[in-house]
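Chemist: Need coordinates for the following:
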Amino acid sequence: MISIIIPVYNQAAKLIKTLESLNKQSYQDYEVIIVNDGSSDGVENLCAKYLGSLETVDHYLFLNQANFGAPAARNRGYREAKGEYLFFCDADAILHPQALETLLAYLENNPSASYAYSSFMWGKKLFKLGDFDPEKLKKMPYIHTMSLIRRSDYPANGWDEGIKKLQDWDLWLTMLEEGHVGIFVPEILFTVTPGGTISSWLPAMAYKFLPFLPSVKKYKNAVKIVKEKHGLE
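Modeler: Numbers count the residues shown, from 1 in each chain. Predicted coordinates:
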């Protein structure tokens, strides 16, 4: 079974579209754990209304907590998870109908891989990823949070709640240090709706030629924090 853990903070409308895409998955052996991280947009009531329209809701769990941040929400969801596979899903993503089935097939066919990841769309922008490369991973974040992870290889301490940005990069580096690698699925398996955590995306040239921009400064500082933690500076 796949445990799908969704942290949500004031993204009620987007979350319903995410849940709809999960309901249409070709692979249905999953549980969904939604962790409301202190939202104030009525997400609990909206979720209850949507789930009430389904024929069965026994594999859905809705949890409330104060606003501690996405890493804490993911860790909260993980503590309730029962599946042998983990999928940390963003609340602003719409999955391709075969997404879970495809990711799982890659893991089953590649027993040496600890997680499977794919390319994705951010609005109309394609984020075309590539084969797993440990050296590339040490230099830059390029693997999205929404990867299917073997629970047996998931870090004991989970997500670092002290990392405020590039949390997925930190997780993959932690797993790499523990000898766990990923496998790339050469397909586009989900679309992220602009306006969420990746909404500050800028073209690569901006980081080189516009270092004075606040968003560029924040990004570079986040990179420094993660690299220092993993001894990559």
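
Chemist: Give me the packing partners of whichever strand or helix holds Pro71, helices and strands only.
Modeler: Element membership of Pro71 [criterion: DSSP states H and E] is helix 70-80. With contacts taken as 3 or more C-beta pairs under 8 Å, 6 or more residues apart in numbering; DSSP states H and E, helix 70-80 sits against strand 2-8, strand 30-37, strand 60-65, strand 85-88. Every C-beta, even on glycine, is put in place using the N, C-alpha and C of the backbone.

Chemist: 7 Å instead?
Modeler: Packing partners of helix 70-80 (3 or more C-beta pairs under 7 Å, 6 or more residues apart in numbering; DSSP states H and E): strand 2-8, strand 30-37, strand 60-65.

Chemist: got the angle for that helix vs strand 30-37?
Modeler: Taking axes from the mean of the first three to the mean of the last three C-alpha atoms, to 10 degrees, one finds helix 70-80 and strand 30-37 inclined to each other by 140 degrees.

Chemist: roughly how far apart are the nearest residue to Trp169 once chain neighbours are set aside and Ala156?
Modeler: Taking C-beta to C-beta, 6 or more residues apart in numbering, and ignoring the residues beside it in sequence, Trp169 has Pro141 as its nearest neighbour in space, at 3.4 Å. Pro141 sits 22 Å away from Ala156, going by C-beta to C-beta, to the nearest Å.

Chemist: still on that earlier bit, next one, pLDDT for the residue nearest to Trp169 please.
Modeler: Predicted confidence (pLDDT) for Pro141: 93.

Chemist: Could you list the low-pLDDT ranges of this protein?
Modeler: When residues are selected by pLDDT under 70, those of the chain lie in 195-216.

Chemist: what packs against the top helix by length along it?
Modeler: Counting residues, the longest helix in the chain under DSSP state H turns out to be helix 214-229. Packed against helix 214-229 by the contact rule (3+ C-beta pairs under 7 Å, 6+ apart) you find helix 167-177, helix 204-209.

Chemist: Just the buried positions in the helix holding Pro71, please.
Modeler: Burial within helix 70-80, assessed by neighbour count using 16 or more other C-beta atoms under 10 Å, is assigned to Ala70, Pro71, Ala72, Ala73, Arg74, Asn75, Arg76, Gly77, Tyr78.
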